[in-house]
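Trainee: Fold the following.
(chains A, B, C, D, E and F)
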4 protein chains.
Amino acid sequence: MPRAVREQQMMDAAVRTFGQLGYRAASMDEIAELAGVSKPLVYLYLNSKEELFTACIRREAAALVAAVQAGVESGATADRQLWSGLGAFFEHTASNPDGWAVLHRQARTHGEPFAGEVAVMRDEIVEFVTGLIGAAAREAHGGPSDRDAELLDRDVAGLAQALVGAAESLAGWANDTEGVSAKEAAATLMNFAWAGLGNLMRGVRWVPSAR
Amino acid sequence: MPRAVREQQMMDAAVRTFGQLGYRAASMDEIAELAGVSKPLVYLYLNSKEELFTACIRREAAALVAAVQAGVESGATADRQLWSGLGAFFEHTASNPDGWAVLHRQARTHGEPFAGEVAVMRDEIVEFVTGLIGAAAREAHGGPSDRDAELLDRDVAGLAQALVGAAESLAGWANDTEGVSAKEAAATLMNFAWAGLGNLMRGVRWVPSAR
Amino acid sequence: MPRAVREQQMMDAAVRTFGQLGYRAASMDEIAELAGVSKPLVYLYLNSKEELFTACIRREAAALVAAVQAGVESGATADRQLWSGLGAFFEHTASNPDGWAVLHRQARTHGEPFAGEVAVMRDEIVEFVTGLIGAAAREAHGGPSDRDAELLDRDVAGLAQALVGAAESLAGWANDTEGVSAKEAAATLMNFAWAGLGNLMRGVRWVPSAR
Amino acid sequence: MPRAVREQQMMDAAVRTFGQLGYRAASMDEIAELAGVSKPLVYLYLNSKEELFTACIRREAAALVAAVQAGVESGATADRQLWSGLGAFFEHTASNPDGWAVLHRQARTHGEPFAGEVAVMRDEIVEFVTGLIGAAAREAHGGPSDRDAELLDRDVAGLAQALVGAAESLAGWANDTEGVSAKEAAATLMNFAWAGLGNLMRGVRWVPSAR
DNA sequence: AATGAATGAGTATTCATTCAT
DNA sequence: AATGAATGAATACTCATTCAT
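Mentor: Now for the predicted structure:
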């Protein structure tokens, strides 16, 4: 069997094992067995547990980015692009839960070689989302006339951050709650984001009322 | 040294170690050394690694809930209560990063005894937030005149879920990002929540436009 | 509580624990708890696990010897003495299984301090039984006319040895088999011994027939 | 070195260690060192201390049964079969004291996984002996004319049980006593068994005389 | 291209034992 | 007469990794 194929088999097994058990709890024995090969072969191809995990992170990160990018309706209005991107994100993570677990949970909970690896992709996505949000903002609500761009950027970054957290939370909730589909969850999120965005653009902010 | 004191020392050490290294990577040796006691004493008082971790989760969960409840300005308007609770949440997580890491990251990435432990606390908080949001909605925007209460309830539940998820995500972001204070994070989140809530009340929703 | 009483409580607990779990598997913690005292007190009174076990062996050995001696109908015919002694042995071991386990099983399966301790008692009993058997032999079958005394002594020793093994085996069998009382088992054994003894006395022996 | 060979080496070391020190006192470290391999290899091949012990019990039980069966002179008269089987038993236990210690002493003194394992083999042997004794009885002393068959059966069962127990006890005695050969032990036992059997057949029994 | 055989370095857990009071 | 607090030393078991083929 050609090397490339074997490598993918191994990484499939590794992603599944890492995703479900975590980096430390996953054992090379288990991964090799799940991949249907002997342990030395895993080492021959992927060198060490650390490199194997890193390779998994990279592959899953690339797959997630590709899925989101492929999902975005290019040429559509910015809000529609955001919507379709969010949908693609939900779909990919839902259909590839182990990969998502590796990226979102495992890689970030274990020391430095890995967290940085994910941060790269995260920055890529945040930048992409930030671009979309920025465009959507300008398109739907006009340019930031009375607000300086820097402040807006920080808010947009905060929004992106909040969006991911909210999305993950909603995904779990939608799964566990009768009668709430992933699509509805996405719509709720979109609503949330859109309204906040609108206010942001208009310079309307909530401020603590006097006591 | 009395048992109760020693136990707290041990749990301090454990929270720090678990929070930074994760459940599996943390070793009982390390925890005992950091606590300044011998390993057998840790076992004598806390029985096993699993129970120790569970005890940490419970202590940190209780501390977080207590901090948030203490932070809420009772008697104030609902939005102000939400705001003050959020602020307390961000402040507690910022000043207690290891405890927060145990709850948010480590407990949830490792198998079932632990994830459930956190879920209990999380549900408590979600319910609390749901109450606040519901009250805020009624208070600030009037009763649900043209929308049936059931639909509103579902939206409020979704919003609460999203809000908590977003807050969790922002807590990490605020900790890691230079120049973002807990207060600012709370304000950002409040803005989004409030705007989304307002739209919700008014029946304004974002819907995918025709292609 | 006076020392002597406490010591007996501790040894009761120890015999039970050692008898059921064995020397190594029994823990001082368990023994102390079962005795209802703190561990340091056990050490204060009985010094070490080894000494505690030795003390148990001695106490149980003395009790067994005393029970058998008390059971023997002094002044009766030798066969009747043997019979009553066997009965007392069966009764004592049956009603004190943990003590018997300590002597027969545990003490002999663990290294040298202990095996020797039991050997002392065993020799005492074997000698006692040997005396009885010898007397019975002479009484019932006449002196060893045509056989030299030394050879007889060896046979008697073998018989005593076999008797103990057979007795133990029969005790277990009688306990597990419906409708076989300990007394019947003892009678069977007595028969066995008596017949063999008779032949022995008469110089009748089984020899391998030519093929 | 092929696995099968290594496994036997390990079990040799284990039988020796378990036989001399007992299940609890024997350490896997010691066994591995005695076998000339590293500890992980022992675990790789034999999984756990418990399974290793069980494997030892089974191997030694099978070896003992095989030795006895091989020793029985098939086709000979029943008494001669019994004699030769007994001789083989004493020879095997004498030349393989650690294996015998594992079976007779260690396996039975430690909890339930092990005691049952030995009981199976023991029952097999008892049944075999019962068959022989029954045959011998009929052959040498004629059918049970004046005694009902059922009563005889119970007596034969008791005798077999006692015989095996006595043999077990004598095995230890012969090993420990200068100048007692396996053959002599077998002869002694045979004498008793034969005499007891003879009396049994003839309906002669020892009964406690009136006081 | 692939594996059976093997291990050094850990990890959680337990236990007999002591000290200060 | 009695105990709460504490530990050094061991023990079963695991895992990432390599070597010879």
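Trainee: hang on, isn't A:A185 packed against A:W173?
Mentor: Yes: judged on Cβ atoms under 8 Å, A:A185 makes contact with A:W173 at a distance of 7.0 Å. For glycine as for every other residue, the C-beta is placed from the backbone atoms N, C-alpha and C.
Trainee: Can you pull the residues that touch both of these two?
Mentor: B:G158 (Cβ atoms under 8 Å, 6 or more residues apart in numbering or on different chains).
Trainee: quick one: which of those two has more around it?
Mentor: Ranked by neighbour count (other Cβ atoms under 10 Å in any protein chain shown), A:A185 and A:W173 place A:A185 first, with 25 against 20.
Trainee: Which positions within the helix or strand hosting the more buried one qualify as buried?
Mentor: A:A185 belongs to helix A:182-202 when assigned by DSSP states H and E. For helix A:182-202, a neighbour-count test (16 or more other Cβ atoms under 10 Å in any protein chain shown) marks A:182, A:185-201 as buried.
Trainee: just for chain A, where's the confidence low?
Mentor: Flagging of chain A using pLDDT under 70 yields the residue ranges A:136-153, A:182, A:200-201, A:203, A:209-211.
Trainee: rewinding a little: the buried residues of helix A:182-202 also near chain B: which ones?
Mentor: The residues of the buried residues of helix A:182-202 that also fall near chain B, by Cβ under 8 Å from any Cβ of the partner chain, are A:185, A:187-196, A:198-200.
Trainee: same for the helix or strand that A:G85 is a member of, what does it pack against?
Mentor: Assessed by DSSP H and E, A:G85 sits inside helix A:78-95. Applying 3 or more Cβ pairs under 8 Å, 6 or more residues apart in numbering or on different chains; DSSP states H and E, one finds that helix A:78-95 contacts helix A:49-71, helix A:97-100, helix A:112-141, helix A:149-176, helix A:182-202.
Trainee: ok, now with 6 Å
Mentor: Counting contacts by 3 or more Cβ pairs under 6 Å, 6 or more residues apart in numbering or on different chains; DSSP states H and E, helix A:78-95 is packed against helix A:49-71, helix A:112-141, helix A:182-202.
Trainee: Can you tell me which of those helices is most buried?
Mentor: Counting by mean count of other Cβ atoms under 10 Å in any protein chain shown, helix A:182-202 has the highest mean neighbour count of the helices and strands packed on helix A:78-95, with a mean of 22.
Trainee: now what about that one, what contacts it?
Mentor: For helix A:182-202, contacts defined as Cβ atoms under 6 Å, 6 or more residues apart in numbering or on different chains pick out A:83, A:86-87, A:90, A:137, A:141, A:155, A:163, A:166-167, A:170, A:174, B:158, B:162, B:192, B:195-196, B:199, B:205-206.
Trainee: Which members of the residues you listed are classed as buried?
Mentor: The buried subset of these - by 16+ other Cβ under 10 Å - is A:83, A:86-87, A:90, A:137, A:141, A:155, A:163, A:166-167, A:170, A:174, B:158, B:162, B:192, B:195-196, B:199, B:206.
Trainee: Between helix A:149-176 and the helix holding A:A185, find me the angle.
Mentor: Counting by axes from the mean of the first three to the mean of the last three Cα atoms, to 10 degrees, helix A:182-202 lies at 160 degrees to helix A:149-176.
Trainee: Send over helix A:182-202 as PDB, restricted to the C-alpha atoms.
Mentor: Extracted C-alpha coordinates of helix A:182-202, given in PDB (Å, rounded to 0.1, in the frame of the first residue of the first chain):
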ATOM      1  CA  ALA A 182     -28.600  23.400  13.800                       C
ATOM      2  CA  LYS A 183     -30.000  25.800  11.100                       C
ATOM      3  CA  GLU A 184     -32.200  27.500  13.600                       C
ATOM      4  CA  ALA A 185     -29.300  27.800  16.000                       C
ATOM      5  CA  ALA A 186     -27.300  29.400  13.200                       C
ATOM      6  CA  ALA A 187     -30.100  31.800  12.500                       C
ATOM      7  CA  THR A 188     -30.300  32.800  16.200                       C
ATOM      8  CA  LEU A 189     -26.600  33.400  16.200                       C
ATOM      9  CA  MET A 190     -26.900  35.500  13.000                       C
ATOM     10  CA  ASN A 191     -29.600  37.600  14.500                       C
ATOM     11  CA  PHE A 192     -27.500  38.100  17.600                       C
ATOM     12  CA  ALA A 193     -24.500  39.100  15.500                       C
ATOM     13  CA  TRP A 194     -26.300  41.200  13.100                       C
ATOM     14  CA  ALA A 195     -28.100  43.300  15.600                       C
ATOM     15  CA  GLY A 196     -25.000  43.900  17.600                       C
ATOM     16  CA  LEU A 197     -23.200  44.800  14.400                       C
ATOM     17  CA  GLY A 198     -25.800  47.200  13.400                       C
ATOM     18  CA  ASN A 199     -25.700  49.000  16.700                       C
ATOM     19  CA  LEU A 200     -22.000  49.000  16.500                       C
ATOM     20  CA  MET A 201     -22.100  50.700  13.100                       C
ATOM     21  CA  ARG A 202     -24.500  53.200  14.200                       C
END
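Trainee: Against DNA strand E, how distant is the closest residue to A:S84 other than its chain neighbours?
Mentor: Excluding its sequence neighbours, the residue lying closest to A:S84 (Cβ to Cβ, 6 or more residues apart in numbering or on different chains) is A:E73, at 4.5 Å. According to Cβ to the nearest atom of the strand, to the nearest Å, A:E73 and DNA strand E sit 41 Å apart.
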